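this one's structure only:
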């Protein structure tokens, strides 16, 4: 079932046989993988290492039960780097789902509100957290925004591009086609609780690849199996981020 696509993966598999065995059990029957790329990127700050899309694809392709690897990410129109990344995904033989990133203008202009008003801050701070802040903190944050306003900056743009609908539709389509038994989703987003439930209701297997204990309560309530991506760091991170003690045991990294 596991057949290393590269010599590097082969040597790493020899160093981490338990991980390979665990994944062979997860991918025991035919499987599709769905990667919510924008969500995955947010993990990098918490993990302090980066995901390498080429190495991810090579690693998953080493399991012969995996039928497709689908990736969902936005395109910033006119941005060479963003558009180039889409082409890179396609060249790596991912099945790519993309759409234009929306730029949402958000005002940070505090000139027309009182210095203790949370009206502007509520656009950026969770309301439950905001309710816990005292007036002194709110006044301080507004004063910092006012300093930014004096530089002529009255708004910022927030990037928005969610793929819960597209991913959910693809999952349902694959359930209906009835060609795979395992549905592997790389995401910790609560929006995928419903697709997970539908997978389980269809007597298929669902697995979330995420950061252990870093999924939403809605996903936890589905009792879905969660695989911690940190277990496969050496297979999927940037080569220079592989720990030196691992590099020293192979001559291909």
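Sure, I can see it. Just so we're clear, the structure is a prediction, and the values are computed from it rather than from any experiment. Numbering: from 1, shown residues only.

check which helix or strand covers the residue sitting nearest the centre point of the chain.
Nearest to the mean C-alpha position of the chain, counting by C-alpha atoms, centre = their mean, stands residue 40 at 1.7 Å. Using DSSP states H and E, residue 40 sits within helix 37-47.

Could you name the helices and strands sitting against that helix?
strand 66-72 (3 or more C-beta pairs under 8 Å, 6 or more residues apart in numbering; DSSP states H and E). The way it works is simple: take the backbone N, C-alpha and C, and place the C-beta from them, glycine included.

and the following helix or strand past the strand it packs on, average pLDDT?
Next along the chain after strand 66-72, taking DSSP H and E as the criterion, comes helix 80-91. Summarised as a single mean, pLDDT over helix 80-91 is 94.

what is the orientation angle of helix 80-91 with strand 66-72?
170 degrees (axes from the mean of the first three to the mean of the last three C-alpha atoms, to 10 degrees).

Where do the strands of this protein begin and end?
31-36, 66-72, 95-97, 102-107, 155-160, 182-186, 205-210, 225-228 (DSSP state E).

What separation do you get for residue 204 and residue 176?
Distance, residue 204 to residue 176, by C-beta to C-beta, to the nearest Å: 11 Å.

before we move on, what about residue 123?
Distance from residue 123 to residue 176, by C-beta to C-beta: 40 Å.

for residue 144, same thing?
52 Å.

For burial, what's the neighbour tally of residue 61?
Here the number of neighbours of residue 61 (other C-beta atoms under 10 Å) works out to 17.

With residue 188 instead?
Count around residue 188 with other C-beta under 10 Å applied: 21.

Residue 178 now?
9.

what's the first-to-last distance across stretch 195-206?
The first and last residues of stretch 195-206 sit 9 Å apart, counting by C-alpha to C-alpha, to the nearest Å.

Next, the buried residues of that stretch.
Residues of stretch 195-206 classed as buried by neighbour count (16 or more other C-beta atoms under 10 Å): 195, 196, 197, 198, 199, 202, 204, 205, 206.

In helices only, show me those residues.
Among the buried residues of stretch 195-206, the members found in helices (DSSP state H) are 195, 196, 197, 198, 199.

Export these to TSV and append columns for pLDDT.
Below are these laid out as TSV (pLDDT from 0 to 100):
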residue	pLDDT
195	86
196	87
197	86
198	90
199	93
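
Just put those in JSON lines and tack on distance to residue 76.
Formatted as JSON lines, these follow (distance: C-beta to C-beta, whole Å):
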{"residue": "195", "distance to residue 76": "26"}
{"residue": "196", "distance to residue 76": "29"}
{"residue": "197", "distance to residue 76": "33"}
{"residue": "198", "distance to residue 76": "31"}
{"residue": "199", "distance to residue 76": "31"}
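
and residue 161, what is it in contact with?
38, 73, 74, 99, 100, 101, 102 (C-beta atoms under 8 Å, 6 or more residues apart in numbering).

quick one: average pLDDT of stretch 57-73?
97.

So what's the gap between it and the chain middle?
15 Å (C-alpha atoms, centre = their mean, to the nearest Å).
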